[in-house]
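A.B. asks: sequence unknown, structure follows:
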């Protein structure tokens, strides 16, 4: 998607991995509305980053640009050294959207197999069974997710995001629609992913996950207002 | 409001009438007379043009004595089946809460008010009835003109009887829909009723009987050739209109609300020429959902779930998911075909019975129309192509699902074009199989079996490929939101729009052209099968390959033109700067 990407083309020192996520002056403007003011950040592999902000602060815009779904007005974004949206970036990045997206004509199990095999995932069956069990939707494996409730579709979406290989996990508002047990299971699954070395970027307006993160990026009206240690008390104060 | 408050105590009927009068007054006050006259002129002009064109599709070849004898013997029954299909569509619509399409505000404010719903719904029902009756009469008239070209007697007689039968059919279909919708027969009941009506008419054909009112109406349509007093009993179907008006108050509010939302969106989608959106909304309107369980448990996912109550251990690190972090590479550029074919087959195995029945009906229609084209009415390839187009729009569902969910597609580390092309493999096979069903129907209506197979099979394959090409182009293109048309002259913009709308169905008609090549070879005493194949090869080899190439390399082609455009702009700019500098 991004052809000339200085962030992606930046020289990498021998033996040093490229940043998991890197944006250089990443901007999105709709007419006169600045959805995201020029943003330059670098997220290293293994970091657990939470992107917080009130409604309309630019969290989803940032996440969707990193996923390659929105084209930046200016600036560049790279995932594991590859331009956001490129095939290599798509291989490295798993994106779980805020609005669960499922096919109308596939069952939950069929969704899982289709996504896993499109990503040439080895040993996906065991991983899928584990995820469905943890998320409490294994008994619905043969049902059509399009007929699920919002919460069950969110769990489906999370399972699809976690069943495939990834280096960077990008999750937009993961807790919306989940019941308490679902939230707890998700927090544990995200922790496991981080333990295994994945980079987590989680956008949320809820501050429950902040203390589990290693870094927090706060946005307000499209502007970066904080980038530092994840301290929920401080963030709550900042966001008012 | 004062007038409403002072109205008689008639259960709100007078208040409703006053409200409707006020809305009508306000609507009329906003109407620009010149604009309305211009629109009426355009509608009249285009409508007349359409009627003239459609009225001449049959050609002037007079029916032979044997064809006349066949028409008199089988005509009433076959026409009866065609008419009953129209009414069955109405019955099915009623079963799903139709046929009324109300404004959302009317559902919320009028139908929830303590007003007699029969009174409130009668006026919109009459409005829709009027439109349906007009359309039925026009369609009947067009068929009448076509009949007059090939059959003896005055053209006026054929047009008159065609209009009358078309009018009665439209009224009966709408009345039946109102009766079924108002009496809450439901989807299953209405489906069964429609099947019974069809079976009754089919029995009339097989037994050369005239017991169904639709057969009688079909016989009435042949009045210019001969008149039977008993045929007038077919007009008894008109009783469905008052019955429907009496039952309209029972229309389901839930269905009315759903329909008001979906019909509004459908109209908007149709305005944009967004065939995919219209198709999806039509499915929602028809409550056509994928089956919960596949028809056959074929190639089911290989998930090994835990037994109830047993918690699974966390898989060992280093196999999949985040445990492969740091070792993720883009998969090979070659997309595995198996997974895409399996995905398509899974979707196919969940097709609801209604969709399968519709596809079989379309196959039958295409087969019979191609037969008619072989027998002299070449223009029947157009409706046959349209049948193939509609069937292919259903068949390309796996690819359409992929396009409907860009979030999912964007997360797959694959070239989008490869995925699109491979998702067309199963649809082409499905439409080809439907083509073989169409050949079967052609044989059933009298085509010699050997000839039908020799010509029909290669044509079915070419038509399947081209129909899927057309449907894929239409689905991939989607609605045109570009503003470039605004800057074009109406003539250029019109041609562009006509191409955009017309190209996909035209592909389907082109796919059927080998039939004419086969016919030409047959008429010259040559082998019809070889003649057909000679036409199949260039159609598939050139047009099919070009379209598949566009589907595969669409993004690359766009990028190439964008770059070329930018390069031309840069060159022009540099030239301008040099000129101004010198």
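C.D. replies: Received, thanks. Predicted model, so just to flag it, every value in this text is computed and none were measured.
A.B. asks: C-alpha only now, for contacts and for neighbours.
C.D. replies: Fine.
A.B. asks: Wait, a helix at residue A:169?
C.D. replies: No - residue assignment for residue A:169, taken from DSSP: H, G, I helix; E, B strand; the rest coil, gives strand, which places it outside any helix.
A.B. asks: quick one: contacts for it?
C.D. replies: Neighbour list for residue A:169: A:93, A:94, A:95, A:96, A:161, A:198, A:199, A:200, A:201, A:202 [criterion: CA atoms under 8 Å, 6 or more residues apart in numbering or on different chains].
A.B. asks: On the strand side of things, show who it bridges to.
C.D. replies: Assessed by DSSP bridges, residue A:169 has beta-bridge partners residue A:94, residue A:200.
A.B. asks: Tell me the buried residues in whichever strand or helix holds residue B:341?
C.D. replies: With elements delineated by DSSP states H and E, residue B:341 resides in helix B:337-348, which encompasses its position. By neighbour count on 16 or more other CA atoms under 10 Å in any protein chain shown, the buried set for helix B:337-348 is B:339, B:340, B:341, B:342, B:343, B:344, B:345, B:346, B:347, B:348.
A.B. asks: tally of neighbours for the residue lying closest to the second one once chain neighbours are set aside?
C.D. replies: Spelled out, that is residue B:340. Excluding its sequence neighbours, the residue lying closest to residue B:340 (CA to CA, 6 or more residues apart in numbering or on different chains) is residue B:423, at 6.0 Å. Applying the criterion other CA atoms under 10 Å in any protein chain shown, we find 25 residues in the vicinity of residue B:423.
A.B. asks: on that earlier part again, can you lay out the buried residues of helix B:337-348 as TSV showing pLDDT?
C.D. replies: Formatted as TSV, those follow (pLDDT from 0 to 100):
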residue	pLDDT
B:339	87
B:340	89
B:341	91
B:342	90
B:343	90
B:344	92
B:345	92
B:346	91
B:347	91
B:348	92
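A.B. asks: Show me which of those residues is closest to chain A.
C.D. replies: Of all those, residue B:347 has the smallest distance to chain A: 5.1 Å, by CA to the nearest CA.
A.B. asks: so where's the longest helix in chain A?
C.D. replies: Ranked by residue count under DSSP state H, the longest helix found in chain A is helix A:180-195.
A.B. asks: That helix: which residues count as buried?
C.D. replies: For helix A:180-195, the buried set under the neighbour-count rule, 16+ other CA under 10 Å, comprises A:182, A:183, A:185, A:186, A:187, A:189, A:190, A:191, A:193, A:194.
A.B. asks: Might you report the residue contacts of the last one?
C.D. replies: Applying CA under 8 Å, 6+ apart to residue A:194 gives the contacts A:46, A:47, A:48, A:200, B:322.
A.B. asks: mind redoing it with 7 Å?
C.D. replies: A:46, A:200 (CA atoms under 7 Å, 6 or more residues apart in numbering or on different chains).
A.B. asks: Need the pLDDT of it.
C.D. replies: Confidence per residue is given as pLDDT, and for residue A:194 that number is 88.
A.B. asks: from the chain's centre, how far out does the longest helix anywhere in chain B sit?
C.D. replies: Secondary structure assigned by DSSP H gives helix B:545-581 as the longest helix of chain B. Mean C-alpha position of helix B:545-581 versus that of the full chain (CA atoms, centre = their mean, to the nearest Å) differs by 37 Å.
A.B. asks: That one vs chain A: in contact?
C.D. replies: No - using CA under 7 Å from any CA of the partner chain, no contact is recorded between helix B:545-581 and chain A, whose separation bottoms out at 10.5 Å.
A.B. asks: Now do the buried residues in that helix.
C.D. replies: Within helix B:545-581, the residues that qualify as buried are B:545, B:547, B:548, B:550, B:551, B:552, B:553, B:554, counting by 16+ other CA under 10 Å.
A.B. asks: you'd agree the second one is up against residue B:470?
C.D. replies: Meaning residue B:547. No - with contact defined as CA atoms under 7 Å, residue B:547 does not count as touching residue B:470 (8.5 Å).
A.B. asks: all strands of chain A, in order?
C.D. replies: Along chain A, the segments classed as strands by DSSP state E run A:21-30, A:33-43, A:48-52, A:74-79, A:82-83, A:93-96, A:168-172, A:199-204, A:215-220, A:223-228.
A.B. asks: Please identify the most buried of those.
C.D. replies: Most buried of the strands of chain A by mean neighbour count (mean count of other CA atoms under 10 Å in any protein chain shown) is strand A:93-96; its value is a mean of 28.
A.B. asks: and that one, average pLDDT?
C.D. replies: Strand A:93-96 comes out at a mean pLDDT of 90.
A.B. asks: which other residues reach that strand?
C.D. replies: Applying CA under 7 Å, 6+ apart, the contact partners of strand A:93-96 are A:67, A:157, A:158, A:161, A:166, A:167, A:168, A:169, A:170, A:171, A:172, B:411.
A.B. asks: rerun that using 8 Å as the cut-off
C.D. replies: The contact list for strand A:93-96, computed with CA under 8 Å, 6+ apart, reads A:67, A:79, A:157-158, A:161-162, A:164-172, A:174, B:411.
A.B. asks: Then stretch A:42-52?
C.D. replies: With CA under 8 Å, 6+ apart as the contact definition, stretch A:42-52 has outside contacts at A:17-23, A:59, A:167, A:194, A:197-207, A:209-210, A:212-219, A:230.
A.B. asks: Endpoint to endpoint, that stretch covers what distance?
C.D. replies: One end of stretch A:42-52 sits 16 Å from the other (CA to CA, to the nearest Å).
A.B. asks: helices or strands next to the regular element (helix or strand) spanning residue B:176 in the packing?
C.D. replies: Using DSSP H and E, residue B:176 maps to helix B:155-182. Under the contact definition 3 or more CA pairs under 8 Å, 6 or more residues apart in numbering or on different chains; DSSP states H and E, helix B:155-182 sits against helix B:65-95, helix B:117-150, helix B:213-220, helix B:240-247.
A.B. asks: Quick check, residue B:379 in contact with residue B:370.
C.D. replies: No - no contact is recorded between residue B:379 and residue B:370 when judged using CA atoms under 8 Å, the distance being 9.3 Å.
A.B. asks: Pick out whichever of the two has more residues nearby.
C.D. replies: Each of residue B:379 and residue B:370 had its neighbours counted (other CA under 10 Å), and the higher figure belongs to residue B:370 (28 against 18).
A.B. asks: Work out for me the element the residue nearest to that one when sequence neighbours are not counted sits within.
C.D. replies: The spatially closest residue to residue B:370, leaving aside those adjacent along the chain, is residue B:381, at 5.8 Å (CA to CA, 6+ apart). Residue B:381 is located in helix B:381-395, with elements delineated by DSSP H and E.
A.B. asks: now for the helix or strand just after that helix, which elements pack on it?
C.D. replies: Tracing the chain C-terminally past helix B:381-395 and defining elements by DSSP H and E, one meets helix B:397-404 next. Helix B:397-404 makes packing contacts with helix B:337-348, helix B:406-410, helix B:449-477 when contacts are defined by 3+ CA pairs under 8 Å, 6+ apart.
A.B. asks: go with 10 Å
C.D. replies: When contacts are defined as 3 or more CA pairs under 10 Å, 6 or more residues apart in numbering or on different chains; DSSP states H and E, helix B:397-404 sits against helix B:275-285, helix B:337-348, helix B:406-410, helix B:416-422, helix B:425-444, helix B:449-477.
A.B. asks: Could you tell me the angle between it and helix B:275-285?
C.D. replies: For helix B:397-404 against helix B:275-285, the angle between stretch directions is 110 degrees (axes from the mean of the first three to the mean of the last three CA atoms, to 10 degrees).
A.B. asks: which residue packs closest to residue B:311, ignoring adjacent ones?
C.D. replies: Taking CA to CA, 6+ apart as the measure, residue B:311 lies nearest to residue A:133, with 6.8 Å between them; neighbours along the chain are not counted.
A.B. asks: Please tell me the pLDDT value assigned to the one you found.
C.D. replies: You'll see residue A:133 listed with a pLDDT of 90.
A.B. asks: got it, and the one 4 residues further on?
C.D. replies: In this prediction, residue A:137 carries a pLDDT score of 91.
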